[in-house]
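A.B. asks: Give the three-dimensional model of this entry:
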Amino acid sequence: MKKETDLNVTTPELPGTSLSRRNFLAFAGMGVLGTTLISLGSCKRDSGIMPDGTIDLGGGDIGILNYAYALEQLEAAFYTKVASSFYAGASADEISRLTEIRNHEVAHREFFKNALGSSAIPDLEVDFSSIDFNSRNSVLGAAKAFEDLGVSAYNGAGKLIANADYLLLAGKIVSVEARHAAYIRDIISNGSFADMEVVDANGLELSRDPNAVLNIASTYLKSKLSAKNLPTS
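C.D. replies: Residues are numbered from 1 along each chain as shown. Okay, the predicted model is just below:
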């Protein structure tokens, strides 16, 4: 196993910032859980690239973690573009908060990438052609869609995770994603952070299965993903 100092990664989206594995764990509050995940780097996915170029996420817990990694790649790419040139009229609070969210998503993405190691899917190609990054309404509308989707994805995948440590990890990350969603919803429409679009009459958050999530996410991806080997129960 490499020493931690050998695992430093310079993230292009954050000029001059080096995110080490220690920083990933501390940032996400994962602590010793990262030690368990590091072992994934020695595992191989069940499958890889399919003949038509579709990326197979793999099976079992590794497949579920790759599923989460794919969504974190998408969110990190979106917020990185937002923060590279903010829409006209962005308030100081919006700039600060959206930059923080960018940092969270980049940390999540890099954590999964390094923890999965050779088991990780490749970098995904995104397609943000439907988003006008110069428009506040378009950017915040997309941010709301991404955050609500991410929370529902983690909620839907929780029952599919076999390893309790990985379930704990997912719980810690979805908590952060829910904070993002609440903030975005409230700056769009104050008080909408827990409306009936995302919370049902029983006070439970919306959940989606992987196929439903990937179908929605495909709008923003050039890369094609397959969940055919993911567990279903």
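A.B. asks: Tell me the spatial nearest neighbour of residue 166, not counting adjacent residues.
C.D. replies: The shortest distance from residue 166 to any non-neighbouring residue, by Cβ to Cβ, 6 or more residues apart in numbering, is to residue 61 (5.4 Å). All C-beta atoms are positioned from the backbone trio N, CA, C, and that covers glycine.
A.B. asks: who's in contact with the most centrally placed residue in the chain?
C.D. replies: Centroid check for the chain by Cα atoms, centre = their mean gives residue 72 as the closest residue, at 2.1 Å. Contacts for residue 72 (Cβ atoms under 8 Å, 6 or more residues apart in numbering) come out as 105, 108-109, 112.
A.B. asks: Centre of the chain to the host helix or strand of residue 82, how far?
C.D. replies: According to DSSP states H and E, residue 82 maps onto helix 60-84. Centroid separation between helix 60-84 and its chain, computed with Cα atoms, centre = their mean, to the nearest Å, is 4 Å.
A.B. asks: That one: which residues count as buried?
C.D. replies: 60-83 (16 or more other Cβ atoms under 10 Å).
A.B. asks: and what of stretch 198-210?
C.D. replies: Using 16+ other Cβ under 10 Å as the burial criterion, the residues of stretch 198-210 that qualify are 198, 205, 207-210.
A.B. asks: among those, which one has the lowest pLDDT?
C.D. replies: Within the set of those, pLDDT is lowest for residue 198 (85).
A.B. asks: Touching, that residue and residue 150? I think so.
C.D. replies: No - in this structure, residue 198 is not within contact of residue 150 by Cβ atoms under 8 Å, at 11.5 Å.
A.B. asks: Common neighbours of these two, please.
C.D. replies: residue 181.
A.B. asks: Which stretches in this structure count as strands?
C.D. replies: 9-10, 18-19, 55-56, 225-226 (DSSP state E).
A.B. asks: so where's this structure shaky on pLDDT?
C.D. replies: 1-47 (pLDDT under 70).
A.B. asks: Can you list the residue ranges for helices in it?
C.D. replies: All helices of the chain, identified by DSSP state H, fall at 21-28, 33-38, 60-84, 92-116, 136-157, 164-188, 210-217.
A.B. asks: Please compute how far the last one lies from its chain's middle.
C.D. replies: Put plainly, it is helix 210-217. With Cα atoms, centre = their mean, you get 13 Å for helix 210-217.
A.B. asks: how far away is the spatially closest residue to residue 208 that is not a sequence neighbour from residue 194?
C.D. replies: Of all residues not flanking residue 208 in the chain, residue 152 sits nearest, at 4.3 Å (Cβ to Cβ, 6+ apart). Shown here: residue 152 relative to residue 194, a distance of 14 Å by Cβ to Cβ, to the nearest Å.
A.B. asks: if you count what's nearby, which of these two comes out ahead?
C.D. replies: For residue 152 versus residue 194, neighbours defined as other Cβ atoms under 10 Å are more numerous around residue 152 (22 against 15).
A.B. asks: Touching, that one and residue 205? I think so.
C.D. replies: Yes - using Cβ under 8 Å, residue 152 is in contact with residue 205, at 7.3 Å.
A.B. asks: any residues in contact with both of these two?
C.D. replies: Common contacts of residue 152 and residue 205 (Cβ under 8 Å, 6+ apart): residue 198.
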